[in-house]
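Visitor: Sequence and predicted structure are below.
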Amino acid sequence: GESVGLHLPTLSVQEGDNSIINCAYSNSASDYFIWYKQESGKGPQFIIDIRSNMDKRQGQRVTVLLNKTVKHLSLQIAATQPGDSAVYFCAENGNAGNMLTFGGGTRLMVKP
Amino acid sequence: DAGVIQSPRHEVTEMGQEVTLRCKPISGHNSLFWYRQTMMRGLELLIYFNNNVPIDDSGMPEDRFSAKMPNASFSTLKIQPSEPRDSAVYFCASGPQGIMNTEAFFGQGTRLTVV
């Protein structure tokens, strides 16, 4: 797929279970964070974002948690479905606006 | 809205040849980004344009790489001469605002193979 076969950390979950994907970001000056999903053969797709004045944000079946103290971001997916299988990237804006820097990614595999 | 459109989807070229990748951002977006994705380095930002002007090209690997944005609806990334280590997937992304925080919308990518 277009994640070009990265040797990524892999999270394997059973369909219907909840998934938690973690990300440690690097720049304490970052004030905007995004989770992207990349399916095989496609570009990264926006899932959810969060600004640094928040510590939690919820979307449809997804929740992002931000812990600025330890520079940690997590993505929680409720009732994981086979269609959630993909590579997930966190991104931060660093020192300059919307120039996003991406983490290494985590591969989520959902077992039926 | 057709989204960000990149062409070609796949490109195979011989070492030493010039390669040009093309991008049409989403209409109305004034930020444009070129990223490269490889096994070793993941997703790297190569260059960022705002209102057609290059703002930050610190990610461009070397002088063999150049990018242009002649108007708001078109950008190119050129590699001349190409080398096997340039093989990667190249993504173009656009964003709806200038330097304010917002997500970038990605195209489908161009898979470049240099042999």
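Guide: Received the coordinates, thanks.

Visitor: contacts and neighbour counts: CA atoms only from here.
Guide: Fine.

Visitor: Residue 36 is in what secondary structure piece?
Guide: Chain wasn't specified; assuming chain A. Per DSSP states H and E: residue A:36 is located in strand A:32-38.

Visitor: Actually, chain B is the one I wanted.
Guide: Under the criterion DSSP H and E, the helix or strand holding residue B:36 is strand B:31-38.

Visitor: packing partners for that strand?
Guide: Applying 3 or more Cα pairs under 8 Å, 6 or more residues apart in numbering or on different chains; DSSP states H and E, one finds that strand B:31-38 contacts strand B:42-50, strand B:88-95.

Visitor: got a list of contacts for the helix or strand just after the longest one?
Guide: What it means is strand B:42-50. Sequence order places strand B:53-56 as the next helix or strand after strand B:42-50, per DSSP H and E. The list of residues contacting strand B:53-56 from outside it, by Cα atoms under 8 Å, 6 or more residues apart in numbering or on different chains, reads B:47, B:48, B:49, B:69.

Visitor: One more: stretch B:103-115?
Guide: A:2, A:34, A:41-46, A:49, A:98, B:3-15, B:21, B:82-96.

Visitor: Determine how far the last residue of it lies from the first.
Guide: Looking at stretch B:103-115, the gap from its leading to its trailing residue is 35 Å under the measure Cα to Cα, to the nearest Å.

Visitor: Chain B against chain A: which residues are in contact?
Guide: For chain B, the contact set with chain A under Cα under 8 Å from any Cα of the partner chain comprises B:37-45, B:48, B:88-89, B:91, B:98-109, B:111.

Visitor: ChimeraX command for the buried members of those residues?
Guide: In ChimeraX, the members of the residues of chain B next to chain A classed as buried (16 or more other Cα atoms under 10 Å in any protein chain shown) are selected with the following command:
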select /B:37,38,42,43,44,45,48,88,89,91,98,101,102,103,104,105,106,107,108,109,111
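
Visitor: What ranges in chain A fall below the confidence cut-off?
Guide: Residue ranges of chain A with pLDDT under 70: A:1-7, A:95-98.

Visitor: Next, the buried residues of stretch B:3-13.
Guide: Of the residues in stretch B:3-13, those scored as buried under the neighbour-count criterion (16+ other Cα under 10 Å) are B:4, B:5, B:6, B:7, B:9, B:11, B:13.

Visitor: Tell me who's in contact with the last one.
Guide: Which is residue B:13. For residue B:13, the contact set (Cα under 8 Å, 6+ apart) comprises B:19, B:112, B:113, B:114, B:115.
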